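Asker: turn this into a structure:
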Amino acid sequence: MIDIIKDLEDRINAQIIGQEELVQSLVIGLITEGNILLEGLPGLAKTRAVNALSKVMAIDMNRVQFTPDLLPSDITGTEIYNPEGEEAFQFKQGPIFTNLVLADEINRAPAKVQSALLEAMEEHQVTVAGKTYKMDPLFMVIATQNPVEQEGTYPLPEAQLDRFMMKVEITYLNKESEEEMLKLVRREQKKSSDTKPKEKLDPKFIFECRDKLNDIEVSEAVTKYIIRLIDASRFPDNYTSDLSKYISIGASPRGSITLDKAARCLALMKGKKYVDIDDVREVAHRILRHRIALTYQASADRKSADDIVTELLKIVPIA
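Answerer: Numbers count the residues shown, from 1 in each chain. Now for the predicted structure:
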């Protein structure tokens, strides 16, 4: 199983140069049934990464371009009149009924459309006209947003941000990775059309990984460390006097649940039977950066959520 996970990561990394954390996050989300929010400038391979994931696995993907005129029914589907059918109205499924949903530029659509995803993200079902329709057992929402261009956008409310397991910030490649990326694009352009692609991975191993997650041991010391991290985000005065002026709202209980789950998944991907402190610290920024609301003082002092999480990791005692 570990070999299959490694093969999955390697195949995606072969198509996405220099974005190992992004690839790892997508795999963690898939195994833990979590949703992922990707934030980065245009052209940093956000959409390509999701396409690569769907191509190397035998799963379906739908891409929805969020725009200001989008309607909730454009995502969930709607009932249509069918005079010749047994029922006068039949439900026509929207693009959300798939394995991977790429919500591209999710902050381009108003709150009513954004909220159309909430039930599917949290409960893996959609309710339309009083009827509930279940999603596929293998289902994940991957949303993207541009952090710079804010004109004409609708920032995600805290309640919806909290439903994303991780927020992954994608930055520019270094010079070496940029060079490898150019070589990759050239190879793809030269690739012969008769080149036989690799056989797609059977998604059943994802469900096997989900079962194995419950076998990963988490010691009492690691559990208490997770709790202290979350507690420090809520009540920083108990740990230091420097952060209270920067934190408006701390992480919710979903923060501790997802931090525990992501750390266990990371341990599984590394072939370990237990979680250690380093596993928790490795995923902490991705789990907490969108769950900590900052004050105006933080903006004035140019403190980001990542800066706050870094400080939390410094001040919270390991034991």
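
Asker: pLDDT wise, what is the residue most central in space within the chain at?
Answerer: What sits nearest the mean C-alpha location of the chain, by CA atoms, centre = their mean, is Ile36, with 1.1 Å. pLDDT for Ile36: 96.

Asker: can you check Thr78 too?
Answerer: pLDDT, Thr78: 88.

Asker: where along the stretch 101-250 of the chain do the helices fall?
Answerer: In the stretch 101-250 of the chain, the helices defined using DSSP state H, counting those that start in this stretch lie at 111-114, 118-123, 158-161, 175-190, 204-213, 220-234.

Asker: adding mean neighbour count, mean pLDDT and distance to Thr67, write these out as a markdown table.
Answerer: For every residue, glycine as well, the C-beta is placed using N, CA and C. As requested, the helices of the stretch 101-250 of the chain are arranged in a markdown table below (neighbours: other CB atoms under 10 Å; pLDDT from 0 to 100; distance: least, CB to CB, whole Å):
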| stretch | mean neighbour count | mean pLDDT | distance to Thr67 |
| --- | --- | --- | --- |
| helix 111-114 | 18 | 85 | 9 |
| helix 118-123 | 16 | 88 | 19 |
| helix 158-161 | 14 | 85 | 18 |
| helix 175-190 | 11 | 87 | 29 |
| helix 204-213 | 15 | 94 | 32 |
| helix 220-234 | 18 | 96 | 34 |
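
Asker: which one of these lies nearest to Gly250?
Answerer: helix 220-234 (3.2 Å; CB to CB).

Asker: return the distance of the closest one from the chain's centre.
Answerer: The gap between the average C-alpha position of helix 220-234 and the chain average comes to 22 Å, counting by CA atoms, centre = their mean, to the nearest Å.

Asker: what of stretch 141-159?
Answerer: 14 Å.

Asker: got the buried residues for it?
Answerer: Val141, Ile142, Ala143, Thr144, Gln145, Thr153, Tyr154, Leu156 (16 or more other CB atoms under 10 Å).

Asker: just after the helix or strand harbouring Ile80, pick out the following helix or strand.
Answerer: Element membership of Ile80, judged by DSSP states H and E, is strand 77-81. Scanning forward in sequence from strand 77-81 by DSSP H and E, the next helix or strand is strand 89-93.

Asker: adjacent strands (with direction) for that following strand?
Answerer: strand 77-81 (antiparallel) (DSSP bridges).

Asker: okay if I get the buried residues of stretch 141-159 as TSV plus distance to Gln114 and pLDDT?
Answerer: Converted to TSV, the buried residues of stretch 141-159 look like this (distance: CB to CB, whole Å; pLDDT from 0 to 100):
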residue	distance to Gln114	pLDDT
Val141	11	95
Ile142	14	95
Ala143	9	93
Thr144	13	92
Gln145	11	88
Thr153	11	75
Tyr154	7	80
Leu156	6	84
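
Asker: turn these into JSON lines, including distance to Lys183.
Answerer: Listed next are the buried residues of stretch 141-159 as JSON lines, based on distance: CB to CB, whole Å:
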{"residue": "Val141", "distance to Lys183": "33"}
{"residue": "Ile142", "distance to Lys183": "27"}
{"residue": "Ala143", "distance to Lys183": "30"}
{"residue": "Thr144", "distance to Lys183": "26"}
{"residue": "Gln145", "distance to Lys183": "30"}
{"residue": "Thr153", "distance to Lys183": "35"}
{"residue": "Tyr154", "distance to Lys183": "39"}
{"residue": "Leu156", "distance to Lys183": "36"}
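
Asker: ok, back up a step: let me have the helices of the stretch 101-250 of the chain in TSV, extended by distance to Ile12.
Answerer: Listed next are the helices of the stretch 101-250 of the chain as TSV, based on distance: least, CB to CB, whole Å:
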stretch	distance to Ile12
helix 111-114	27
helix 118-123	22
helix 158-161	25
helix 175-190	13
helix 204-213	14
helix 220-234	28
